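**Student:** I'll drop the sequence and a predicted model, then ask my questions.
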Amino acid sequence: MPAAREFDYVIVGAGSAGCVLAARLSEDPAVRVLLLEAGGWDWHPLLRIPLGVGRIWGFGRFDWGYHTEPELHAGGRRIETARGKVIGGSNSINAMGYIRGHRGDYDRWASRGLAGWSYADVLPYFKRAETWEDGETPYRGGGGPIYVRRTKDIDPLYDAYIAAGVRAGHPFTDDYNGAQQHGFGWAQWTIRQGRRDSTARAYLHPVLGRRNLTVHTGALARRIVLEGGRAVGVEFTQGGESEVARAAREVILCGGSINTPQLLMLSGIGDPDHLRELGIGVAMPLPGVGRNLQDHYAAGLFHERREAGPFVAATRFDRLAFNFARAYVAGSGPATDVPSGFMAFVKTDPSLAMPDIQFLFRSGPSSAGPWFPGIKPAWSDAFVCRPVLLRPASRGRILLRSADPADRVRIQQNFLSDARDLPVLRKGLKLLREVAAQPALDRFRGRELGPGADVQSDADLDSYIQSTGATAHHPCGTCRMGTDSDAVVDGSLRLRGVEGVRVADASVMPDLVGGNINAAVIMIAEKAADLIQGKPAPARVQV
């Protein structure tokens, strides 16, 4: 094994959080930072062009290829769980939606003893991270690395769906990341000048020339090196060779809700019984590692479209090739957006303090793809809207399959295992049907393909949800922060019982926020940078 190199900070995982931290910590030229990423670089055009998102998932070059264990309450299916394995992590392969969640989510965290995590505390970090297309407001940032804009490619179906939502009794919201989340509004995306604006592109790439920043790709972390109850480095393999990078100050885990607990357990930090089953010595008993797994589960309401929309014409092979090239070179044209123009947050009970269902829309079926006259016929146009259960009561777990770091972990999501979840999602599907039945959609709405007009009873709807639902790809909570004995990290993101380790990714979230979680992960990383460097928190923002 080569002699270990020493850095001040070793960051494991170059996803949303890892890229932020690499950029922020290396701002000090006296600090040496190493960023380890198991995947490769994010140069591929599919990762840059927004419309390419439909062909990324399942691509082994960029995706870990995870699936759950058979889900007992979801038809016994093994449900795919796409996670990015590339510089930028899941932020390089996700759908680019930018949603902070509801302000009440962060106040809930703070109410559980996590001082510094209320909405007033975290809003300055959200603002620091973003540039909002309309400029700075009391709620939005005007000069941050990540660019956020509304949908640009307007399909008339988007406007009609928003009008239908309002006609069905839901409010309109101009900015669901601002004063009011509740309602139907135009979707927001992390797209800059027609290209994906991941944290890799916004934070990491601009600082790669710094001499104090080192990035290793194809580097699989094997274990945290511990000496006398303190983390002093990380052992990893690269190019078939094993190496150790020593950390003079801290090891920072940013591998996400699946890979971070895996690395902790491989290092002997976790549930003692589980570790002993696999022959792993117990360095620190922390039963909470890998537990508390949560994710957003979604069903789907599918309709034929009466007449083909603009997305069909845009996917004709010659036009698609031209528009991909146009988007890559000039950042313009129809490939610079995704076919998902609106977003909605609704309440299944008007008395609720915050929305409990999100509607995710896509104006195209899963069969959408390139076609050309005389060679391959155009696909039949359809659209789908998915009610998403925002705050599930069900909890799952991450378990090791073996002591081999290359082995995929066992993912037990336990979707719908808590009896409280299915009725809420069923209500969300019924609300969505009410929206879809509004006159504003008459010119677009064809036959209901799923669940189907004959699926009406609660029992039949439940069966449909269980047998067809899928993850919205927002796993969190497996190394949650808290003040109780089962918490894995404290409110400063320090690992309990082991010095020199922090966790800064979705795994520290105590529970799910109301919406896609990438914005929250970026915020966590921005706050982590201040905590690690001992900087004072910015002034709280009361709005």
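**Tutor:** Arrived safely. Numbering: from 1, shown residues only.
**Student:** OK, contacts around R480?
**Tutor:** By CB atoms under 8 Å, 6 or more residues apart in numbering, the residues touching R480 are 288, 292, 487-489, 507-511. Any C-beta I mention is one placed from the backbone N, CA and C, and that applies to glycine too.
**Student:** most neighbours, which of the residues you listed?
**Tutor:** Of those, S507 is surrounded by the most neighbours, 33 neighbours in total, counting by other CB atoms under 10 Å.
**Student:** grab the nearest non-local neighbour of that one.
**Tutor:** Nearest non-adjacent residue to S507, counting by CB to CB, 6 or more residues apart in numbering: C479, 3.9 Å away.
**Student:** let me know the outermost residue of the chain.
**Tutor:** In the chain, the residue that sits farthest from the middle, by CA atoms, centre = their mean, is G374; the gap is 40.0 Å.
**Student:** three-state assignment of that residue?
**Tutor:** Classification of G374 using DSSP: H, G, I helix; E, B strand; the rest coil returns coil.
**Student:** how about the one 4 residues further on?
**Tutor:** Of the three states, A378 takes coil under three-state DSSP.
**Student:** residues near it, how many?
**Tutor:** Neighbours around A378, by other CB under 10 Å: 16.
**Student:** got it, and R540?
**Tutor:** R540: 13 surrounding residues under other CB under 10 Å.
**Student:** offset the numbering so it begins at 151, please.
**Tutor:** In the new numbering, first residue 151, that becomes R690.
**Student:** not counting sequence-adjacent ones, nearest residue to it?
**Tutor:** That would be A270: by CB to CB, 6+ apart, it lies 4.1 Å from R690.
**Student:** which residues of the chain fall in helices?
**Tutor:** Shown for the chain, the helices assigned by DSSP state H span residues 166-175, 195-198, 253-261, 269-279, 306-317, 349, 406-416, 422-427, 460-464, 467-480, 571-586, 608-618, 668-683.
**Student:** double-check V651 against I374; I have them as touching.
**Tutor:** Yes. Here V651 reaches I374: they are 6.7 Å apart, a contact under CB atoms under 8 Å.
**Student:** list residues touching both of these two?
**Tutor:** Residues within reach of V651 and of I374 at once, by CB under 8 Å, 6+ apart, are 381, 401.
**Student:** ends of stretch 203-220, what's the gap?
**Tutor:** Start-to-end span of stretch 203-220 (CA to CA, to the nearest Å) is 27 Å.
**Student:** that should have said stretch 220-235, apologies.
**Tutor:** End to end - CA to CA - stretch 220-235 spans 23 Å.
**Student:** again, but for stretch 351-364
**Tutor:** Stretch 351-364 has its terminal residues 16 Å apart, counting by CA to CA.
**Student:** which residues are in contact with it?
**Tutor:** If you take CB under 8 Å, 6+ apart as the criterion, stretch 351-364 is touched by 157, 164, 169-170, 172-174, 176, 178-185, 192, 237-238, 295-297, 342, 345, 365.
**Student:** put the buried members of these into a ChimeraX selection.
**Tutor:** Here is the ChimeraX command that picks out the buried ones among those, judged by 16 or more other CB atoms under 10 Å:
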select :157,164,169,170,172,173,174,176,181,182,183,184,185,192,237,238,295,296,297,342,345,365
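**Student:** where does pLDDT dip in this protein?
**Tutor:** 151-153, 207-209 (pLDDT under 70).
**Student:** repeat the analysis, applying 80 as the threshold.
**Tutor:** Applying pLDDT under 80 to the chain flags the ranges 151-154, 204-210, 303-304.
**Student:** mind naming the longest strand for it?
**Tutor:** Counting residues, the longest strand in the chain under DSSP state E turns out to be strand 391-403.
**Student:** which stretches in the stretch 201-350 of the chain count as strands?
**Tutor:** 216-217, 230-231, 280-282, 296-300, 333-336, 338-339, 341-342, 345-346 (DSSP state E, counting those that start in this stretch).
**Student:** for I408, which of these is the nearest?
**Tutor:** Proximity to I408 (CB to CB) singles out strand 216-217 among these, at 6.4 Å.
**Student:** now for that closest one, which elements pack on it?
**Tutor:** Using 3 or more CB pairs under 8 Å, 6 or more residues apart in numbering; DSSP states H and E, the elements in contact with strand 216-217 are strand 230-231.
**Student:** run me through the strand neighbours of the strand it packs on, direction for each.
**Tutor:** The pairing partners recorded for strand 230-231 under DSSP bridges are strand 216-217 (antiparallel).
**Student:** for the strand it pairs with, what is the distance to the chain centroid?
**Tutor:** 15 Å (CA atoms, centre = their mean, to the nearest Å).
**Student:** what does it rub up against?
**Tutor:** Contacts of strand 216-217 (CB under 8 Å, 6+ apart): 228-233, 408, 558-559, 561.
**Student:** most surrounded residue in the residues you listed?
**Tutor:** I561 (27 neighbours).
**Student:** what sits closest to it if chain neighbours are left out?
**Tutor:** Using CB to CB, 6+ apart and skipping the chain neighbours, the partner closest in space to I561 is T218 (4.7 Å).
**Student:** okay, now the one you found: neighbour count?
**Tutor:** Residues lying near T218 (other CB under 10 Å) number 21.
**Student:** can you check G578 too?
**Tutor:** The local packing of G578 (other CB under 10 Å) involves 27 other residues.
**Student:** correct me if wrong: it contacts I507.
**Tutor:** Yes. Under the criterion of CB under 8 Å, G578 is in contact with I507, at a separation of 3.7 Å.
**Student:** name the residues contacting each of the two.
**Tutor:** Common neighbours of G578 and I507, using CB under 8 Å, 6+ apart, are 496, 498, 537-539.
**Student:** okay, and which of those map to strands?
**Tutor:** Short answer: these in strands (DSSP E) are 496, 537-539.
**Student:** which of those are buried, as a ChimeraX select command?
**Tutor:** For the buried members of those, the matching ChimeraX selection, counting by 16+ other CB under 10 Å, is:
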select :496,537,538,539
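**Student:** dump the ones in strands among the shared contacts of G578 and I507 into CSV; add distance to A480 as well.
**Tutor:** Shown next, in CSV, are these (distance: CB to CB, whole Å):
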residue, distance to A480
V496, 38
P537, 37
V538, 34
L539, 40
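**Student:** can you pull the contacts of the closest residue to T621 other than its chain neighbours?
**Tutor:** Excluding its sequence neighbours, the residue lying closest to T621 (CB to CB, 6+ apart) is D445, at 5.2 Å. Neighbouring residues of D445 by CB under 8 Å, 6+ apart: 231, 542, 546, 563, 565, 621-626, 662.
**Student:** now D445: phi and psi?
**Tutor:** Note on D445: its backbone torsions stand at phi -160, psi 160 [degrees, to the nearest 10].
**Student:** and it, how far from C629?
**Tutor:** Relative to C629, D445 is positioned 15 Å away (criterion: CB to CB, to the nearest Å).
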